[in-house]
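Student: I would like to see how this sequence folds:
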Amino acid sequence: MLARWIRFGPTAQREFDAAYASLAAVQPQSAAPIVLWAEEAARYPFALIAPRRLAPGRESRWLSWGLAAAYPLPQIYRTDAVMAKQWYGLSLYTKNLTGSSMWIMGSLTQSTACAQVGCSAQTANTPSQGWTQLWNAVNCKYFTTSTCPTGQTLTYSTDMSWTD
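Tutor: So this is what the prediction gives:
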């Protein structure tokens with residue numbers, strides 16, 4: 001298969017992201033894939049842009065965890081558990097689609113970053129609050145059900161912070 005390699009040159013991440021999004025938007029279905037790469041001070045960001053017809057596997061398995069050995073660590077910022085319930089929905093969808101639920105490793109919160117630079121009180125879950133909300137959601141504690149098809153343990157809890 002032919003692919004086009006495009007060197008974008010020295011650029012900031014924001015410019016690179018805009019470039020690959022623009023390229024992806026204008027590619028026809030018959031286009032060959034593009035490997036776009038750039039240079040930064042200490043890294044080389046790259047993006048593979050390909051038409052859907054070339055994506056591996058079934059479309060129903062294109063969720064990020066289905067393409068490779070990757071386990072989500074969902075952001076559970078909101079204090080009302082809405083984000084945790086959304087992840088329950090994704091896990092249930094994959095269970096219904098594939099026969100096994102999405103294996104979620106734990107939760108990610110931002111309370112330390114909120115304390116450092118400020119944020120809305122509605123998005124300031126502590127690590128234990130985010131973990132508990134996600135655990136309750138994937139173990140069906142928010143829902144009335146006789147069995148829980150997505151039940152699992154959560155191994156990790158982590159929190160964002162700002163640093164210079």
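Student: just checking, what's the longest helix in the chain?
Tutor: Using DSSP state H to define each element, the chain has its longest helix at helix 82-98.
Student: and the strand or helix carrying A25, what other elements does it pack with?
Tutor: Element membership for A25, per DSSP states H and E: helix 13-26. Under the contact definition 3 or more CB pairs under 8 Å, 6 or more residues apart in numbering; DSSP states H and E, helix 13-26 sits against strand 4-10, strand 34-39, strand 46-49. Just so you know, the C-beta spots here come from the backbone N, C-alpha and C atoms, and that holds for glycine as well.
Student: would TSV of these with mean neighbour count and mean pLDDT be doable?
Tutor: Formatted as TSV, the helices and strands packed on helix 13-26 follow (neighbours: other CB atoms under 10 Å; pLDDT from 0 to 100):
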stretch	mean neighbour count	mean pLDDT
strand 4-10	12	88
strand 34-39	17	88
strand 46-49	16	85
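Student: now the residue located most distally from the centre of the chain. Its backbone dihedrals?
Tutor: No residue in the chain sits farther from the centre than S146, which is 29.9 Å out by CA atoms, centre = their mean. The phi and psi values for S146, taken as degrees, to the nearest 10, are phi -80, psi -30.
Student: tell me the spacing between it and M102.
Tutor: 21 Å (CB to CB, to the nearest Å).
Student: buried set for the longest helix of the chain?
Tutor: Neighbour counts using 16 or more other CB atoms under 10 Å place M83, A84, K85, W87, Y88, L90, S91, L92, T94 of helix 82-98 among the buried residues.
Student: and of those, the nearest to C140?
Tutor: When the buried residues of helix 82-98 are ranked by distance to C140 (CB to CB), Y88 comes first, at 7.6 Å.
Student: understood, closing this out.
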